[in-house]
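Enquirer: no FASTA, just this:
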């Protein structure tokens with residue numbers, strides 16, 4: 001009789017331990033994550049109205065999900081984000097220096113982009129080739145992102161809105177040279 005009671009007690013305890021292990025192995029419940037309220041094109045600065053928190057099933061939370069809207073407000077997004085999409089850290093770039101800035105892509109076909117990453121500050125020299133054109137120099141420009149393409153490198157720079165036209169006049173008709181700014185990590 002005591003053997004039967006001992007087996008029963010051990011069985012109940014064993015089932016309880018296994019039950020705890022099963023519950024621990026399967027995420028249950030929900031977590032608050034940051035989601036996009038409206039579509040955001042790549043290189044847009046996130047405003048307060050662009051994101052909110054929403055409870056999502058733990059099993060649906062992607063790796064690197066952002067938990068606080070404050071962690072993304074005022075930052076660039078590095079790729080398009082759709083309505084309702086959970087924001088992940090890899091989609092969030094550096095903070096915007098100010099609202100008067102725009103992000104422009106520039107092809108860089110030389111080695112001056114080596115070692116330059118998003119969040120780095122650079123000086124930019126746009127030198128037109130051939131007859132005519134004006135050299136454009138921009139000081140302390142924030143690199144948002146750098147991508148490698150089949151034809152070389154493309155850097156995405158945050159530049160003052162009022163310099164966009166001068167850059168457009170030279171871009172594609174000359175050479176882009178980047179120089180890292182000392183202390184411009």
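Expert: The structure has been received and is ready for your questions. Note that the structure is predicted; figures quoted are calculated from it, not measured.
Enquirer: pLDDT below threshold where in this protein?
Expert: Within the chain, the stretches with pLDDT under 70 are 1-27, 110, 184-185.
Enquirer: Go again with 50.
Expert: For the chain, applying pLDDT under 50 flags the ranges 4, 6-8, 15, 17-23, 25-26.
Enquirer: Could you point out the longest strand of it?
Expert: strand 136-149 (DSSP state E).
Enquirer: domains of this structure?
Expert: If you go by automatic domain parsing, the domain ranges for the chain are 30-95, 101-180.
Enquirer: any chance of those domains in CSV, with mean neighbour count too?
Expert: All C-beta spots, glycine's among them, are computed from the backbone N, C-alpha and C. Shown next, in CSV, are the domains of the chain (neighbours: other CB atoms under 10 Å):
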stretch, mean neighbour count
domain 30-95, 16
domain 101-180, 16
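Enquirer: Okay, now the sheet partners of the longest strand of the chain, with direction.
Expert: The sheet places strand 136-149 alongside strand 121-128 (antiparallel), strand 152-160 (antiparallel), with pairing taken from DSSP bridges.
Enquirer: outside of that strand, which residues touch it?
Expert: When contacts are defined by CB atoms under 8 Å, 6 or more residues apart in numbering, strand 136-149 is touched by residues 43, 76, 78, 93-94, 97, 101, 103, 107, 113, 116-126, 153-159, 163, 166-167, 170, 178, 181, 184.
Enquirer: for it, the distance to its chain's centre please.
Expert: Centroid separation between strand 136-149 and its chain, computed with CA atoms, centre = their mean, to the nearest Å, is 16 Å.
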